[in-house]
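Asks: Pasting the sequence and the predicted coordinates here, then a few questions.
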Amino acid sequence: MPSADPTTLWDTIRQGLSKQLPEASFREWVAPCEPLRVKDGVLWIQVPSAAAKLWIEQQLPEEFSDALAQGGLADLRLEFHVNGTPAVLPKVASKKAAHTASGPAPEPPASFPHLFNRYTLDRFVVGPGSQLAFAAAKAVVDSYGKAATPLSMNPLFIYGGAGLGKTHLMVGIGKGLLERDPKLRVVYLKVDNFFNELTVAIRAKNTEPMRKKYQQNDVLLLDDVQTLGKMERTQEEIFHILEHLLQHGKQIVITSDKPPQRLEGCHERLITRFKWGLTADIQPPDFETRIAILKKKLEDVDFRHVPPIPEDVLTFIAHKAKGSVRDLEGFLTRVIFQASLIGVPPSLEVAHAAFQGQSGEEPTAPIHPDRIYRMTAETFNVSFVDLMKKRSRQQAILLPRQVAMYLAREISSLPFADIGRSFNMHHSTVMNAIDSVRDRMKRDPEFHRMVQALLNSIH
Ligand SMILES: Nc1ncnc2c1ncn2[C@@H]1O[C@H](COP(=O)(O)OP(=O)(O)OP(=O)(O)O)[C@@H](O)[C@H]1O
């Protein structure tokens, strides 16, 4: 470890964080932190409140992990201690003590940033937009070490927009594999951090050990390859590492914000390797999945002291945060934070205030269902009147009508009976229609994309 002085270590981490976080976030979350002490490889950091600890641990694990990696402190663990509460010894200290009693500590088999503790497959909530990626992740874990399956999942290439769970799935695969075989050498590598490490190695004119270090792993988790575009030398090194690992039958998982063929500036030979196995995308979660994610989140041990969050607050959050899951979780944490600041239980009122604080906007007026129906009719090129007429049973109308019902439920959470009234139909017919759209979305990625695009355009 480069330094044992808590202030020096914290300064290095702060510097890394200041480069990654917007100024306001840095001021709000990082500036009030104080380094306390370093013990057994753990830097204790004091945070002003339980809510601030929750925010940092839930919302900023990647930023902290990157700051540690970039400061050459990847092995340092962080523990956040709430000011004024009794300090508890970190778990790692007691583990080390146990090892010392029974001989030297074994080499750690994997190097995930420890702040990714929550990223396991069982904590990943599967929705229609993530079904394929999740099934592939499970299959990689379940089929590891078994005779070759007909479908190659090596590499598994997962792509999708920001904050949709790519890193979570990838780390979940690594942990799942380690559960099957704790001796596996699993390495998590973010392209930007690899670039920094390589720059140092190039300056020292000694890149060979670095290449060897990565080539000796059993599983490589390569995160965020979309940044490879302008990194000529990094591409070359990564190519040699992938080539070696693939030739030796080692598992590779890759994430990116776009599919391999759209990675600009990436060499064809690298793209070819990326496309060799299975490519799976992750789409933003639908309303039901967003609610399920929020509920799953509240089961986390970090949330055990949080007062119950009423259902209407969860619905509000799920309606307002439609894009990334990171934003969804951030919004939930902000509501809890805001409630604890003013000393009241989380409520719809607090959620509205938190939303304004986050977006700087007034909460938007609810979308009128007519707007949803008209836009659906327009998209499917049918007339609004035909869409709403009960008697029209032509096939060309049935599908748009089912989609309109699905969207009314998804966007406005309208009760089934209210949707039914607009179409002069019984609520059970509406429920069946919505189920049939969901089923088709699961089966038909093209249809899924079309409905999702329509949904996004209505907001
Ligand atoms: N389906 C899901 N179920 C549970 N949690 C999820 C899900 N999707 C994302 N998350 C959570 O959302 C947060 C962001 O996820 P993650 O960092 O994996 O996104 P990402 O796609 O890698 O984003 P980026 O491209 O910005 O790195 C994490 O806290 C993760 O646990």
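Replies: Ah, there it is. Small disclaimer: the values here were computed from a predicted structure and weren't measured.
Asks: what's the burial count for the closest residue to residue 427 other than its chain neighbours?
Replies: Counting by CB to CB, 6 or more residues apart in numbering, residue 427 lies nearest to residue 416, which is 4.0 Å off, once chain neighbours are set aside. The C-beta positions use only the backbone N, C-alpha and C, and glycine is treated the same way. The burial count assigned to residue 416 is 19, neighbours taken as other CB atoms under 10 Å.
Asks: who's in contact with residue 416?
Replies: Neighbour list for residue 416: 409, 427, 428, 430, 431, 434 [criterion: CB atoms under 8 Å, 6 or more residues apart in numbering].
Asks: wait, what's in contact with the one residue in the stretch 301-450 of the chain that gets nearest to the ligand?
Replies: The stretch 301-450 of the chain approaches the ligand most closely through residue 325 (3.4 Å), counting by CB to the nearest ligand atom. Applying CB under 8 Å, 6+ apart, one finds that residue 325 lies in contact with 163, 164, 165, 285, 290, 293.
Asks: ok, which residues in the protein are in contact with the ligand?
Replies: By the rule CB under 6 Å from any ligand atom, the part of the chain lying against the ligand is 62, 118-119, 123-125, 130, 160, 162-168, 257, 293, 296, 325-326, 329.
Asks: and if we set it to 5 Å?
Replies: Contacts of the chain with the ligand, taken as CB under 5 Å from any ligand atom, map to 124, 125, 162, 163, 164, 165, 166, 167, 168, 293, 325, 326.
Asks: Now the last one: closest residue in space, sequence neighbours ignored.
Replies: If you skip the residues right next to it in sequence, residue 326 has residue 163 as its closest partner in space, 3.2 Å away by CB to CB, 6+ apart.
Asks: Helices of the stretch 351-459 of the chain, start to end?
Replies: Along the stretch 351-459 of the chain, counting by DSSP state H, counting those that start in this stretch, helices occupy 369-380, 384-388, 395-412, 416-423, 427-443, 445-458.
Asks: could those helices be laid out in a markdown table, adding mean pLDDT?
Replies: A markdown table is the format used below for those (pLDDT from 0 to 100):
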| stretch | mean pLDDT |
| --- | --- |
| helix 369-380 | 88 |
| helix 384-388 | 87 |
| helix 395-412 | 88 |
| helix 416-423 | 90 |
| helix 427-443 | 91 |
| helix 445-458 | 80 |
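Asks: so which of the ones you listed is the most packed in?
Replies: Each of the helices of the stretch 351-459 of the chain was scored by mean neighbour count; the highest is helix 395-412, a mean of 21, by mean count of other CB atoms under 10 Å.
Asks: for it, packing partners?
Replies: The contact analysis (3 or more CB pairs under 8 Å, 6 or more residues apart in numbering; DSSP states H and E) places helix 395-412 against helix 287-299, helix 369-380, helix 384-388, helix 416-423, helix 427-443, helix 445-458.
Asks: Any idea which of those helices gets closest to residue 74?
Replies: Counting by CB to CB, residue 74 lies closest to helix 287-299 out of those; the figure is 26.7 Å.
Asks: Tell me which residues are up against the closest one.
Replies: Under CB under 8 Å, 6+ apart, the answer for helix 287-299 is 123, 125-130, 285, 303, 306, 309, 314-315, 317-319, 321-322, 325, 328-329, 332, 409-411, 413.
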